[in-house]
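Novice: whatever this is, show me its structure:
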Amino acid sequence: MRPRTGEDTIQDAENGSLWDNVASALGFKRGKSRNGEASLSDTLEELAERTEQDEEPVSLHERSLFENIIALRDMTAEDVMIPRADIVAVPKTIALEELVEVMVKKAHSRLPVYGDTLDDIAGMVHIKDVLGCVAAGREFSLQSLLRRVLFVSPAIRVLDLLSEMRLSRTHMALVVDEFGGIDGLITIEDLVEEIVGEIDDEHDIDQTPKLIRLSDGCYIADARFEVEDLEEKLSFGLLDEDEDEDIDTLGGLVFSLAGRVPARGELIEHPSGIQFEVLDADPRRIRRLRIHMIRREDEGPAAAIENQEKADD
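Specialist: Sure thing, here's the model as predicted:
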């Protein structure tokens with residue numbers, strides 16, 4: 001069986017199974033909202049309240065998933081869109097070779113296509129249609145390959161937008177202001193990532209999480225850096241037996257210590273005295289940390305610092 005990819009997760013969202021699987025996997029049925037429509041978020045809120053009473057509580061990853069879905073109720077397209085300045089788009093007059101070059105360089109399978117300016121959107125082009133045209137030996141005509149995009153208000157709720165994109169089987173939406181200008185862009189992958197976290201597709205650039213030691217003894221760490229690797233480097237344990245099964249990364253450790261996703265600039269202290277300063281984070285995840293090796297006479301971090309200094313020498 002092949003490993004699941006970002007496209008599989010997106011397909012789940014299109015089919016509606018992403019929502020069903022979250023609830024059904026844990027034995028819960030969809031609830032009913034006030035207008036009689038199904039409301040998974042109500043079910044998840046109920047589940048979140050009951051986890052503390054369960055003999056087998058929901059894991060850290062599952063709880064994070066539930067909280068992300070619930071948080072989406074208050075999020076709008078403006079909160080998750082790619083801003084106008086960062087949109088990669090191509091003109092209708094682009095040649096085939098140039099189009100392929102942009103798609104390869106930017107690692108995008110879908111690109112918006114515009115006329116005179118970005119505010120004059122003609123549709124979007126998909127790499128599969130381009131390759132199909134080339135494989136069939138047809139003359140390239142970008143106009144004939146254009147697919148429709150959605151145009152939405154910045155105020156549309158993310159859950160409503162996800163539902164609309166799924167029903168219309170449209171993977172791209174453009175956010176327009178009151179004057180019809182383009183404010184931002186949203187793909188269905190962006191919306192799914194709001195729930196499940198970052199999706200690394202086969203074409204995404206592999207960025208190995210890094211840990212950099214500074215001259216003052218602190219560390220700058222990617223939140224995806226493995227806790228086990230840091231423990232090995234410091235010769236010092238950071239997880240107890242109960243946490244060891246649920247927590248893999250430094251971001252997960254800090255999330256567990258804080259009980260939430262801390263804001264940028266917050267200092268989260270480990271029982272050992274080590275402090276984690278959040279350098280970069282958004283409402284969904286921690287991205288980068290500074291690790292302060294605070295010395296305590298009766299704790300291990302001091303020894304960890306000495307051990308690491310000796311190892312570096």
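Novice: which strands or helices does the helix or strand that Glu194 is a member of pack on?
Specialist: For Glu194, the host element (DSSP states H and E) is helix 188-196. Packing partners of helix 188-196 (3 or more C-beta pairs under 8 Å, 6 or more residues apart in numbering; DSSP states H and E): helix 6-15, helix 60-71, helix 77-80, helix 158-168. Backbone N, C-alpha and C define where each C-beta goes, glycine included.
Novice: now the helices for this structure?
Specialist: Assigned by DSSP state H, the chain shows helices spanning 6-15, 17-24, 40-50, 60-71, 77-80, 96-106, 127-135, 142-145, 158-168, 188-196, 227-234, 241-244, 250-258, 301-312.
Novice: residues making contact with the fifth one?
Specialist: Residues external to helix 77-80 that are found in contact with it (C-beta atoms under 8 Å, 6 or more residues apart in numbering): 152-156, 158, 161, 173, 175, 183-184, 186, 190-191, 194.
Novice: among these, which has the minimum pLDDT value?
Specialist: The member of those with the lowest pLDDT is Glu194, at 75.
Novice: right, and Leu214 touches Ile291 too?
Specialist: No. Between Leu214 and Ile291 there is no contact under C-beta atoms under 8 Å: 9.5 Å.
Novice: who touches both of these two?
Specialist: Ile220.
Novice: compare those two (neighbour count), which wins?
Specialist: Neighbours were counted for Leu214 and for Ile291 using other C-beta atoms under 10 Å; Ile291 has more, 24 against 10.
Novice: against Gly252, how distant is the closest residue to that one other than its chain neighbours?
Specialist: The spatially closest residue to Ile291, leaving aside those adjacent along the chain, is Tyr219, at 4.1 Å (C-beta to C-beta, 6 or more residues apart in numbering). Distance, Tyr219 to Gly252, by C-beta to C-beta, to the nearest Å: 17 Å.
Novice: Val192 now?
Specialist: As judged by C-beta to C-beta, Val192 and Gly252 stand 20 Å apart.
Novice: now Phe66
Specialist: For Phe66, the distance to Gly252 - C-beta to C-beta - is 16 Å.
Novice: can you check the pLDDT for Leu146?
Specialist: 96.
Novice: whoops, Asp206 was the one
Specialist: So, for Asp206, pLDDT stands at 49.
Novice: before we move on, what about His108?
Specialist: 89.
Novice: got it, and Glu55?
Specialist: pLDDT, Glu55: 55.
Novice: low-scoring stretches of the stretch 151-300 of the chain, by residue?
Specialist: 197-209, 241-245, 284, 295-300 (pLDDT under 70).
Novice: that one: strands as residue ranges?
Specialist: 172-176, 182-187, 211-213, 219-222, 267-269, 275-281, 286-292 (DSSP state E, counting those that start in this stretch).
Novice: please parse the chain into its domains.
Specialist: According to automatic domain parsing, the chain comprises the domains 6-74, 79-196, 211-312.
Novice: isn't Arg264 up against Val278?
Specialist: Yes. Look at Arg264 against Val278 with C-beta under 8 Å: they come within range, at 5.4 Å.
Novice: between those two, point out the one with more neighbours.
Specialist: More crowded of Arg264 and Val278, by other C-beta under 10 Å: Val278, with 22 against 13.
Novice: list the contacts for the more buried one?
Specialist: Val254, Pro262, Ala263, Arg264, Gly265, Glu266, Leu267, Ile268, Ile286, Arg288, Leu289.
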